[in-house]
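In: Here you go, sequence then predicted model.
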Amino acid sequence: MEPLRRRVTLPGPIDLVRTVRRLSLWTHDPSIRRHEGRMWCAFRTDAGPATIAYRPAGVDAVDCEAWGPGAERALELAFEHLGGRDTPEAFQTDDPVIAPLIRRFEGLRFGRTGRMLERLLPTIVSQKVTGAGAARSWKQILRRHGEPAPGPSPELWIDPTPESLRELAYYDLHTYGIERKRAQVILGVVRRARRVEALTREVPSEAETRLLAFKGIGPWTTGTVLGGVFGDPDAVPVGDYHIPNTVTYAFTGEPRGDDARMLELLEPFRPHRGRVI
């Protein structure tokens, strides 16, 4: 199967590895992988499943190859996926902690996937459990209800369709280490899949408000989801176990901090609080 090819030029420098990895929830994400000098991504488009491989082609350019029924659509989405609409150069500060990091991580762009369920479901799986445990559960779900990615991808998997999960009962998800509370949230979301996916047409603040109206979805989930779906550089996952401590220590040297302390320290950096994190 010959891939479709296209070169994408960004409006500024791109650090391809860090930009794409930012969209991963876990180190070993079943839908994103670095392999043989390329970043591989697999996902479901409105035209069908697709695999796309990105290879650096210069400071601000990326060569793309895509396979599968959704290959053409994946190429059309590549500019936004790689952060083409992000404006990292708009973030300027003389803060002694952040200013050196801006220079060090030049090229880290906030890409936009525009796919809500793809990000929301594994984030729900990650609620209140370890990253390793959540990654294991999601990988099992993909192997049972998803499908292998098209093309010569290095063992990538495509997310399940809402239809493949909709008829499950909460106890069916126990097999994957997911207790009743998270299972019911997952099933509630997939049974309203069309409404949830339509939130990608809203502005991030409105999408957040509507997501929070779902039982079992709180600010940690929305903060984690919106940063990837919309490429929102201001999204903050309030309620995270580690991030408040990391932010507090970075700015103050204090070993621990709560959400209130984190938000206080991040406030001067709106609308780039997620970028600072």
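Out: Okay, I see it.

In: Could you look up the next helix or strand downstream of the biggest helix by length in the chain?
Out: Using DSSP state H, we find that the single longest helix of the chain is helix 131-145. Next along the chain after helix 131-145, taking DSSP states H and E as the criterion, comes strand 147-148.

In: how far does that following strand sit from the chain's center?
Out: 19 Å (C-alpha atoms, centre = their mean, to the nearest Å).

In: Just checking: what are the partner strands of it?
Out: Sheet pairing here is set by DSSP bridges, and for strand 147-148 it gives strand 157-158 (antiparallel).

In: what's the longest helix of the chain in contact with?
Out: Contacts with helix 131-145, where a contact means C-beta atoms under 8 Å, 6 or more residues apart in numbering, come from 25-31, 121-122, 125-126, 129, 157-160, 164-165, 173, 175-178. Yep, even glycine has a C-beta here, placed from its N, CA and C like the rest.

In: Please identify the buried residues of that helix?
Out: By neighbour count with 16 or more other C-beta atoms under 10 Å, helix 131-145 contains the buried residues Ala134, Ala135, Arg136, Ser137, Trp138, Lys139, Gln140, Ile141, Leu142, His145.

In: now do stretch 33-40
Out: Across stretch 33-40, burial judged by 16+ other C-beta under 10 Å covers Arg33, Arg38, Met39, Trp40.

In: Give me the mean pLDDT for that stretch.
Out: Confidence over stretch 33-40 (mean pLDDT, whole number) is 94.

In: Quote the end-to-end distance of that stretch.
Out: 5 Å (C-alpha to C-alpha, to the nearest Å).

In: Next: stretch 196-209.
Out: 12 Å.

In: That stretch - what's its average pLDDT?
Out: Mean pLDDT, stretch 196-209: 95.

In: Now do the SS call for Ala42.
Out: Using DSSP: H, G, I helix; E, B strand; the rest coil, the structure places Ala42 in strand.

In: For Glu72, give me its contacts.
Out: With C-beta under 8 Å, 6+ apart, Glu72 has these contacts: Leu4, Ala47, Ala66.

In: Would you mind checking the contacts of helix 131-145 for buried ones?
Out: By 16+ other C-beta under 10 Å, the contacts of helix 131-145 give 25-26, 29-31, 121-122, 125-126, 129, 157-160, 165, 173, 176, 178 as buried.
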